[in-house]
Structure formats: C-alpha cells, structure tokens
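Participant: 3D, please:
(chains A and B)
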Amino acid sequence: MAGERESSKMKIVVAIKQVPDRDTPVHIAADSKWIDEGDLQWAMNEPDAYALEEALLLKESAGAGEVIVVSAGPERVGSTIREALAKGADRAIQIVCDDLNSRDALGVARLLAAAIKPENPDLVLTGLQSEDVGLGQTGVIVAELLGLPHATMILHVEKTGAGLKVKRELEEGWFQSIELPTPAVLTMQSGGNKLRYATLMGIKRAKTKEMRTLNAAELGADAAPAVVLEQISAPKKQKSTQILPGSAKEAAAALVEKLKTEARVL
Amino acid sequence: MFAALAAASLFGFWRRFGPILGKILQSKKDPGFHLFPIGRRVRDFVWEVIFQAKVIRERPLAGVAHALVFWAFCAFALVTLNHCATIFGLGFLDPAGPAGRFYFDFAAFFAAACAVGILALFVRRFVAQPKWLGELSWGSGLIAMLIFALMVTYLAAFFVPATSDAARPLWWAHTLTLLVFLPLIPHTKHLHLVLSPFTVFLSRDGFAQIPPLVGDEDFGLVAGKDLTQLVSLQAYSCVECGRCMEHCPANNTGKLLNPKEIVLGLRGYLNEYGPHSEEPLLGKYNAQEAAFECTTCGACEFQCPVGIEHVPIIVGLRRGAVNTGAWENDYGAKLFLALERGSNALGMGSAERDKFVEKNGLPIFDGTQEYCLWLGCMGAYDPRGREIVVTLVRVMRYLGASFGVLRKEKCTGDPVRRLGNDLLFQQLAESNLEALAQSETRKIISICPHCVRTIQEDWKAYGTPPEVEHHSEFLARHSGELSLVPGHGLTDREKSIPEGGSVSGHDRGTHPVSGSRAEIGPKPSGSLAPEGPAKERIVFHDPCYLGRYRGVYDEPRRVAALAGELIEAPRSHERSFCCGAGGGLVFLGEEKGERVSHVRAEELAATGASVVGTACPFCNTMFRDAFAAKGEAAPELMDIAQLAARGLPE
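Facilitator: Sure thing, here's the model as predicted:
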C-alpha cells in the first residue's frame, strides 16, 4: 500500500490565468486594442480553477506530492496566485509581464514553458481555454514546447501504475477514456469536480508559502508575435422583433419560411 | 467533632470545585473583553440575579418558586454563617437582642417561603415532569429534600426550647444537612449557585455578539485550546432548565440540534480533555450536523436565565469548521463560491440589479440625499423583495424623503458571517465599507433586518459603518402622516388591493386567484366591524433580527396597524418563533424533520388573521413557500411597507 502510494505521488504544475470577473462590466479602452482595466474586478479563470482542484485532489488521494501554480501577468495577478495557495497549492511562480495582452498564444506558452521546464513536473494541468480571449491553444502549445504528450477537454484524471487514465469530454454527451504516460500536459474542462471554497486558515497559511517571481524578459522567451491583435469591439446590440400577422396557421407557415430562408436553421 | 465534619465537607466541595475553577481560569483569555463600562453589568446583575426578573418573566410559576428559594438562600447566608460561627463561640447574631431577633424572624419568613417554593419545584420535576428538564435526576430530588430539611429544621427550632431534649438532635440535623449540601453543589447542576451570578455579571455586551478572531492561529472554536474563559464559565454554569430547547426552532422540529446539549457537550469536553487540548470540539461531545442546524434566531440566548450566550458558541463552532475547511457541504460551498466571485448570495449577475434600478427609476445616491437605500440581495434580486423595495420607494416619495441607491452593492455578508466564513465576511464588509465611504453615505435605510444588523454590529470589526435603520423605524416615525391617507384602516377593496395581489373570499369568482396564495372561504367572523366596511385582522410576525437582535417591536406594529386591526400570535415579541431562514440556513437546502417555516406559518394562520404582516424579506419568502405548500386557505402575506402603502395614490 505504501509503495502504491509512493508511486502515485506526483509533482504537478498548474498554469492559471487571471481574467476579468464574469460579474464585472467590461468597457473597451480608448485605443480599441484592449479593454479598460481601471475599474475591473479580477478572478481566477474558471477552467484553471478546475485544473487546480484536480491537482489538489490527485495530491490528496496520493497522500503526498507537490502542487505548484504558475501564472503570467502584471502585479495584480498576485491576488489570484494567493487564492490558489490558500486553496492548497504548495508554492507559486509568477512570471511578471505587463504586456500579456499583446502576446499571442505562442508567446504566452513560451513564457509558461520556460518557467515550467526547470521544475521537471510529472504532470502539467491548465484550463482548456481562458474566459477572456478563449483561444484554447496555450496548454497545447506548452505541451509541444516541452515535448510532452497531451490531451484536451479532460474531466477527470486517475493515476495508474505507469501513467494516467483520463476521461475526456466529446460532443453530444459522449466521453472518451484514454491512457497516456507521464509526464504529460492536460487541459481541463470545467465541471468535473466541485470547487472548494477559500478558507481563513488557507489564506493565513498561504502567507508563509514560497512565491517566486520571474521576469519575463529574463526567461529568454521573447519573440515577435505571429498574431497581432488589431482591434476589439463589442458585439452590436440588435433586437429585431417581427410580429407575423394572420391566423395561427398562416403565421406558422410564414415562420417556417423565414426560418428556412432568412435564419437558415431549417 | 463539628470542625472535622466541616473540614470534610469543605474538602468534598473543593476537591470537585477546585479543578472546575482551574479549567475556567486556564482557558484562553477573551479577546475584546472589557469589564467597563460596568454600569450595564451591575444593572443586569441586579435585574437578573437579585430580582430574578428573567427567571420569573419567562416561566412565571416555576420562576417565582425559584425566586423564593433564591431569596431565602440570600437571607440564610447570614444565618448560616452565624450558625457555624456560634460553634466556635464567635456568633454575631444575638438571638436575645432586637437586631438578632428581627433577623431570625426575617429569615424564618423566607424559610417558610423557601420550603413552599422547593416543594413546588419538587412536584413540578417529579410529578408534572416537563420534558425540558430531561430525564429525572435523583440528585435534584436529593438536593430538594436537603433544602426542604434545612428550612424545616430551622423553623422547628423556633418551637423547641433551647433547653429541651429535642434541641440538640435538631441542631445536628440542621448542621449535618448543611454539611452534606455543600459538597453536593459542585457535583450537580447546583453549581450554578456559585457560578451563574458571575456568568450574568461577566456576559458580553450586546445580544448574540460574535467575538473577534485574534492572531494568525485563531479560526474560531476548533479545539479545547480555543475555548475562552467566558465560554468555559458558561459551560459549567448551565442549570439544565431546558428553556433554550423549549424555544429552539430546530429542536422543536425534529433536528439534532439541542442548544442545551451544545453547552453540556462543551462541559463534557472540558471534563475529559481540558482547556488546552487539541482534540476537535466537533467530535465526541458535539456534532457538526447540530451546529449547522442553528438559525441563529437567538431564542435560546434570550431565554437563558444564567447568562449563557449560545449564539457566539454555535457560530464559534461553525467558524472552527468553515475557517479550516472541515465543513463540506455542497450548498454551503455554492454560496461561498457565489460570494467569492459575485456580489450577491442568490448567485445572480450584478447586471440584474442594474436593470432593476434602471427600470424602476431609482436615483443613484450622490451624497446629497438624506438616505442611502440599501437594497440587499433580496431587495435587488428576489421578485418579492423587489416588490417590497418598490413599495417602500413609493411611500418615501409620498412622504418627500430624499434617497438614492448605490451604483454597486455587495451582500453585507450576513449569511457567511453566521455560517462562520470569516475570510469571505471580511472581504464583503471591507468592500462595502469602502464603497459607502466613497459615496459619503451618512444614513442607510433597509428593508432587511439581517442587513441592518450586519451593517451596524458586525461590520464594526472592520471599520465604522454609517448610521442604519430598518424601514419599520422610518415608517413608524411617519405613521402620523401616513394615517391621514384616505382608506387607511379600512379595506376599500376596489382601491387597496395591490396589483396582482389578494382576492378575498367575497370577490372569488370575479377576480382570478393569483399565484400560490389562494385565499378561499369567508373572512374570520371578527372582520365585520359594526361601522361598515370589513377591517383587516393583521397578525405581525416579529423577525428575529428585528426583535431579539435589535429590540424593535412596537414600530412595525404601529405601521401594520395603519391597515387594520392588530392581533398577536401565541408566540410574539421576544418569544417570536423563527421562520427558519436565518443563520444562512435559507441557502442550505432541505432541512431534516419538519420545516420550521411550516410550523410558524401554521401558527400564524391559526390566529384567524386575514393578513400576515412581515418585516423581513426572508420571513416573507419562507412563509410564501409554506402557504403555497399548504395549498388551502391561507392569509395574505404583506410586508409592513405594503401595509403602509395601502390606499396611497399610485
């Protein structure tokens, strides 16, 4: 039993992103290149929160191991890192960079991979996409840069003798069960577990945990972005209501016609 | 001979009492405890201990019997002291002198009263056997007999000449009874004789006050090391009278929680593990399940005659479980996560509040208006709560009171405060205090007693909250102006039935019966007043957080009385029975046993009232569901703001 536990012990890195809180109103900045960050409230990207939860559960069920969180961004990211430490991560690495928004997915993945590589983890977890730009690529590119196998949209991870058995979400309620060796990179889907709440004891303990900062420039991962964000805009608010006249039968016929020709959903 | 017996008796007393006193004194010091200002303490002591006012008021018959015994004990203190001193030739009361003569007669009067009192209590405990007293305790019987013997032997001595043969056995009977009584005190619940005067005197300032957490290792009541001197003192003071359980909504509806057992559980813990132990408090002696069944209604604490503060103890146990992450509850976690990320306990997007504010044209508070109207989660997001807010706004506009609402508002933290999540509570309190300071709010008005309490008392831990009042207080202040509204006090049905509101039995068939509230059948007979139009019969339900927590009982009644005739429920004012929502329980899903809200709703309906008046959006929603579940004739449910607005021009 002790041997089995020893073998399931893992060093897990969780990459998390701080994103605008879902409940906070977002306004586009004057230069139309990004949103106005002045008045925003920030939160942990939800799929990343599930990645962290999965990592903590793996560590708890093994009875040993280490969970390290990595996050890139300006100083404000510290509050989200502290939240992760409070929920149970053992230590943290913050990659300080003030220009995260102007980096493309490859650029961000380079930063993360450079910080993760020296840790030699058994497993890297991150959310399948971010709630702000939602590119869904960062985790996969990190795997490529680290030269590790990966799987996406994972709901559940189980440590087996030699590697991992994971439950992957497909479309229309189908799931796929796959096995892969460690080390590996997994991008996690939301909703596979129940998230834990932050506690006072967690926050107090977090104060004494290691939080290392790395400067983005020193990681030697800078490169000209392959994708440049030109402009962002809010979706146009449009509400056009048509009342179809006539009897129920006539209106239904007109509706079907419109669904076929205008909405093209039939 | 006497000296040896007295020493043995004293030894028997101390051998038990010494360690108890040690455990109390070795407990952690109470953070934030101040002896001064001492005036309140003296007042409480005189009123509750000397006058036995609380003991008598809450249980008049047993209370008076107890008071007779207590007063006799006080009178007897001097007699007993003299009795013992005389043995050593140090007697100070001269039975022949006028002072001594007077005092012995005075004591004899009390002795007779005491004998009657203790007999009454004996009969109550062993013949009437109210279930609150728990299982029959023979210790109590023995003590009662000893007290009775003490009094009878004292009185008998008056009829026996000092020179007669009977005098000496009588003297020994009295003396021996005394010496047996003394060591029994700390071995039984009669320990309260010694401790409860201190417990009452030292109790915390204010009702149901949750003490601050101090330092980096204080997470609430986790283990013995967290028990403070006050908590330990209270644990040993319990007299097991069961008033707390008699009034406890959880205990009365088949839950595990019994406030008496919580206190006795702590006593058992202290006896076994002591005040320095690391053994969890929620374990062998107290159950986590019970701690999380409390609605924090405070009925127990209000009733307790020996000054035990149950609410801080129960909330303390919850803090210990939540602050360390030991409490695992899906509903609780959902509530906490909703408030970690969002702004309200209902888990809605804050844009919903913006829409409500905009749609109803509520002005934004800019520092120039008199009142900052605090919407609260229920007022901003709950459909029924919103109706109450909109109606209050109508009344405020009619009265010409200026007000505005904050652009952004977060939950005051009431549910997480009572559930013991100090981290979240601190974040919410600090964020709100900052927003209020920026808006230069000086006076807050709210429809929710929970918001009012949390803002005024609980936020103090993190800053200086503005002045706050409940809308019942505001409306009562203006009840003079409101009473001039035509149609008030009368039920002019065409005019006063609010939109989508009630339809009485008389109108059935002509109007649709709306929503869940189906009021069927004729009005109670009392509703036909001789002057003509039917008068509403309104029963007002005291919300715990307005009544016991804030001491506001008359104001909402004055407001409710504007719309009809007030009647009282069997349990009202300080004895009001909880709706079941408090303490964060409204967010914790289905309860075990009978629903608290159903019990109370039935009690209110049974008064025959045509209207149940509420003053708390949580009570309102609980009763609405209860009446809906009942599905038969139910009274109309209205907030006092809605009662005040009856007959107001649209």
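
Participant: give me the three-state assignment for residue 11.
Facilitator: Unless you meant another one, I'm taking chain A. Secondary structure for residue A:11, judged by DSSP: H, G, I helix; E, B strand; the rest coil, is strand.

Participant: how is the chain partitioned into domains?
Facilitator: Chain wasn't specified; assuming chain A. Here the domain parsing of chain A from automatic domain parsing is A:2-219, A:240-266.

Participant: nope, chain B
Facilitator: B:34-202, B:343-475, B:489-644.

Participant: which one of the ones you listed lies nearest to chain A?
Facilitator: Proximity to chain A (CB to the nearest CB) singles out domain B:343-475 among the domains of chain B, at 4.3 Å. The way it works is simple: take the backbone N, C-alpha and C, and place the C-beta from them, glycine included.

Participant: tell me the helices and strands packed up against the host helix or strand of residue B:354.
Facilitator: Using DSSP states H and E, residue B:354 falls within helix B:350-359. Applying 3 or more CB pairs under 8 Å, 6 or more residues apart in numbering or on different chains; DSSP states H and E, we find helix B:350-359 packed against helix B:376-381.

Participant: show residues contacting the helix it packs on.
Facilitator: Outside of helix B:376-381, the residues within contact range by CB atoms under 8 Å, 6 or more residues apart in numbering or on different chains are B:344-346, B:348, B:352-353, B:356-357, B:384-386, B:388-389, B:409, B:411-412, B:446-448, B:450-451, B:617-618, B:621.

Participant: next one: stretch B:426-435
Facilitator: So stretch B:426-435 is in contact with B:339-340, B:406, B:408-413, B:416, B:454-455, B:458-459, B:461-465, going by CB under 8 Å, 6+ apart.

Participant: for chain B, which segments count as strands?
Facilitator: Assigned by DSSP state E, the strands in chain B fall at B:371-374, B:403-404, B:443-446, B:467-470, B:536-540, B:564-567, B:611-614, B:636-639.

Participant: in CSV, list these along with mean neighbour count, distance to residue B:196 and mean pLDDT.
Facilitator: Putting those into CSV (neighbours: other CB atoms under 10 Å in any protein chain shown; distance: least, CB to CB, whole Å; pLDDT from 0 to 100) gives the following:
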stretch, mean neighbour count, distance to residue B:196, mean pLDDT
strand B:371-374, 24, 40, 98
strand B:403-404, 20, 47, 97
strand B:443-446, 22, 37, 97
strand B:467-470, 20, 33, 97
strand B:536-540, 24, 34, 94
strand B:564-567, 19, 37, 94
strand B:611-614, 28, 36, 96
strand B:636-639, 25, 40, 95
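
Participant: interface residues of the stretch 201-350 of chain B facing chain A?
Facilitator: Residues of the stretch 201-350 of chain B lying near chain A by CB under 8 Å from any CB of the partner chain: B:213, B:216-217, B:219, B:322-325, B:330, B:332-333, B:336-337, B:340-343, B:349-350.

Participant: narrow these to those in helices?
Facilitator: Mapping these onto helices (DSSP state H) picks out B:322-323, B:330, B:332-333, B:336-337, B:340-341, B:350.

Participant: farthest-separated two in those?
Facilitator: Based on CB to CB, the longest span within these runs between B:323 and B:350 and measures 26.8 Å.

Participant: so which of those two has more stuff around it?
Facilitator: residue B:323 (24 against 21; other CB atoms under 10 Å in any protein chain shown).

Participant: does that one really touch residue B:422, like I thought?
Facilitator: Yes: at 5.6 Å, residue B:323 and residue B:422 qualify as touching, with contact defined as CB atoms under 8 Å.

Participant: name the residues contacting each of these two.
Facilitator: A:200, B:219-220.

Participant: which of the ones in helices among the residues of the stretch 201-350 of chain B next to chain A count as buried?
Facilitator: When those are checked for burial by 16 or more other CB atoms under 10 Å in any protein chain shown, the buried set is B:322-323, B:332, B:336-337, B:340-341, B:350.

Participant: let me know the closest of those residues to residue B:6.
Facilitator: Nearest member of these to residue B:6, counting by CB to CB, is residue B:323, at 50.3 Å.

Participant: one step back: of all the domains of chain A, which lies closest to residue B:543?
Facilitator: domain A:2-219 (27.9 Å).

Participant: circling back to that earlier point, including distance to chain A, could the strands of chain B go into JSON lines?
Facilitator: Shown next, in JSON lines, are those (distance: least, CB to the nearest CB, whole Å):
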{"stretch": "strand B:371-374", "distance to chain A": "19"}
{"stretch": "strand B:403-404", "distance to chain A": "20"}
{"stretch": "strand B:443-446", "distance to chain A": "22"}
{"stretch": "strand B:467-470", "distance to chain A": "25"}
{"stretch": "strand B:536-540", "distance to chain A": "37"}
{"stretch": "strand B:564-567", "distance to chain A": "42"}
{"stretch": "strand B:611-614", "distance to chain A": "30"}
{"stretch": "strand B:636-639", "distance to chain A": "28"}
